[in-house]
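> let's see this in three dimensions:
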Amino acid sequence: MRAAPAVSLAVATAPAWVWALRGLLAATARVVLFWARPRGDAVGVAGFVWAAAYALWLAWRTRRPRQWQLSWDGQDWWLAPGAGDPASASGQRGQMAVAFDLGSALLLRFSPGEAPSGGGVAGRWRRPIWLPLHRDALPVHWHALRCALYSPPPRMRDGEA
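Model (predicted):
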């Protein structure tokens with residue numbers, strides 16, 4: 001089987017994704033409010049305040065789309081904030097997984113890799129990074145990206161377990 005070609009592309013959080021998250025959190029806050037109003041208990045009010053505060057925090061945090069440099073070098077996935085050399089000190093190697101594939105939209109999960117000595121997580125990120133992507137934002141690179149995502153890892157191509 002042929003190896004997936006190397007691909008490097010600049011990606012940004014899709015605006016539709018951001019608005020969907022904001023709508024979901026606003027709907028959650030409304031449901032908690034309607035649940036808490038007739039009861040009048042402190043737990044319901046606290047739940048509503050938490051959901052509303054989280055929705056406002058997310059709206060503030062996503063006021064500008066996040067920019068990433070995503071690269072597949074034929075062996076590893078690299079993710080770096082903004083544009084630049086994917087293997088630079090600001091980039092991080094990790095595992096990429098497809099969470100949802102809707103044909104024209106992908107939700108990817110980048111999990112930071114471990115340090116070479118096995119002594120923890122390398123780089124600056126310890127939690128997974130979610131990348132919602134849409135074909136319209138990446139028309140030239142879409143096919144190459146999908147090939148890299150769905151090709152078997154190099155170890156499996158070489159016959160290793």
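> per-residue confidence at residue 106?
On pLDDT, residue 106 comes in at 90.
> so it bridges to which residues?
residue 101, residue 133 (DSSP bridges).
> was I right about it contacting residue 133?
Yes - using CB atoms under 8 Å, residue 106 is in contact with residue 133, at 4.8 Å. C-beta: built from backbone N, CA, C; applies to glycine.
> SS state for residue 147?
The assignment at residue 147 comes out as helix when based on DSSP: H, G, I helix; E, B strand; the rest coil.
> rewinding a little: and for residue 106 and residue 133, which residues touch both?
residue 145 (CB atoms under 8 Å, 6 or more residues apart in numbering).
> can you give me the helices for this structure?
With helices called from DSSP state H, the chain shows them at 15-39, 42-61, 142-150, 154-157.
> tell me the contacts of the residue nearest the centre of the chain?
Nearest residue to the geometric centre of the chain (CA atoms, centre = their mean): residue 130, 1.3 Å. Residues counted as contacts of residue 130 (CB under 8 Å, 6+ apart) are 99, 107-110.
> select only the buried ones of those in ChimeraX?
Per 16 or more other CB atoms under 10 Å, the buried members of these correspond to this ChimeraX selection:
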select :107,108,110
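> just put the contacts of residue 130 in JSON lines and tack on distance to residue 8.
Formatted as JSON lines, these follow (distance: CB to CB, whole Å):
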{"residue": "99", "distance to residue 8": "22"}
{"residue": "107", "distance to residue 8": "20"}
{"residue": "108", "distance to residue 8": "15"}
{"residue": "109", "distance to residue 8": "19"}
{"residue": "110", "distance to residue 8": "14"}
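> can you tell me which of the contacts of residue 130 are in strands?
99, 107-110 (DSSP state E).
> how is this protein divided into domains?
What automatic domain parsing lists as the domains of the chain is 7-14+65-157, 15-61.
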